[in-house]
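Enquirer: sharing a model prediction with you, sequence too.
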Amino acid sequence: MVRRLLQSSLPVVSLLLTDDWLSKIRGDCDRLDTTTVYVAGVQLLESIVGYRMHQGIMAIGRIPAEPRLAQLVGMSPSPRLFIALDGLVSAENVGVVVRNCAAFSVQGILVGRDSASPYLRRAVRNSMGTIFCMPVVHVGTLSEVLADLRTTHGISVAITDAHSGNSLYASDCRGDLCIVFGHEDHGVSPDVREAAMMSIRIPMAEGVDSLNVGSASAVVLAEVSRQRAPEAI
């Protein structure tokens with residue numbers, strides 16, 4: 001993740017690392033000339049993080065300035081694909097969703113005020129650093145923003161639901177689209193549900209209540225990617 005941070009456009013405040021790590025990254029990192037670098041022994045690093053198993057390198061980066069919604073839409077080529085998080089409270093789950101978004105070419109993430117931020121440390125870790133190159137917009141009232149996406153920008157809004165809606169595999173996901181993933185327990189909120197145009201579900205075997213939101217996002221985004229591939233039927 002530190003390598004990905006250094007390779008990104010995000011400002012890097014400082015590094016804390018061992019001599020071995022400094023030797024490894026010095027040759028392929030021009031940014032060391034403008035970053036404060038602290039070199040320490042393994043014992044000191046372990047005392048800072050509080051446990052023995054440490055990889056020997058840490059970094060502090062600055063959260064980038066966020067684009068406005070209109071800017072995000074304008075800089076994203078069609079067919080657009082956005083993800084919205086509605087009350088997703090687990091930082092670990094948010095990080096997994098971010099990683100899946102990067103894997104399947106999502107162009108931006110809208111984060112509702114009741115969701116954990118993708119820039120929390122645990123979310124960054126679970127994203128494996130893919131958050132460093134993913135546009136993020138934190139919003140106030142998510143339902144109003146989704147309605148604006150529909151009416152002003154012509155982008156369809158689909159919520160994910162474990163028990164109702166059209167089958168994912170029978171839904172047309174090829175146009176401009178924003179997919180909403182909801183709270184781990186009770187799903188998408190009522191006001192966001194009203195702002196959506198359609199609901200999609202993943203068909204599953206009887207007796208299985210639902211998938212973890214990280215797994216569900218991977219399934220949904222993989223199918224959207226398949227539909228948008230040039231050779232898809």
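Expert: Cool, got the structure.
Enquirer: could you use CA atoms for every contact and neighbour count after this?
Expert: OK.
Enquirer: next one: the residue most central in space within the chain relative to residue 220, how far apart?
Expert: Against the mean C-alpha coordinate of the chain, by CA atoms, centre = their mean, the closest residue is residue 98 at 2.2 Å. To residue 220, residue 98 is 13 Å away according to CA to CA, to the nearest Å.
Enquirer: and the closest residue to residue 171 other than its chain neighbours, how far from residue 231?
Expert: In this structure, residue 171 finds its nearest non-sequential neighbour in residue 200, 7.3 Å apart by CA to CA, 6 or more residues apart in numbering. From residue 200 over to residue 231 the distance is 23 Å, taken as CA to CA.
Enquirer: same question for residue 167.
Expert: According to CA to CA, residue 167 stands 22 Å off from residue 231.
Enquirer: circling back to that earlier point, ok, residue 200 and residue 231, which is more surrounded?
Expert: More neighbours surround residue 200 than the other of residue 200 and residue 231, with 22 against 7 (other CA atoms under 10 Å).
Enquirer: after the helix or strand hosting the more buried one, next one along is what?
Expert: Here residue 200 sits within strand 198-201, counting by DSSP states H and E. On the C-terminal side of strand 198-201, the closest following helix or strand by DSSP H and E is helix 213-228.
Enquirer: buried stuff in that following helix?
Expert: 213-214, 216-218, 220-228 (16 or more other CA atoms under 10 Å).
Enquirer: stretch 40-50 now?
Expert: By 16+ other CA under 10 Å, the buried positions in stretch 40-50 come out as 42, 45.
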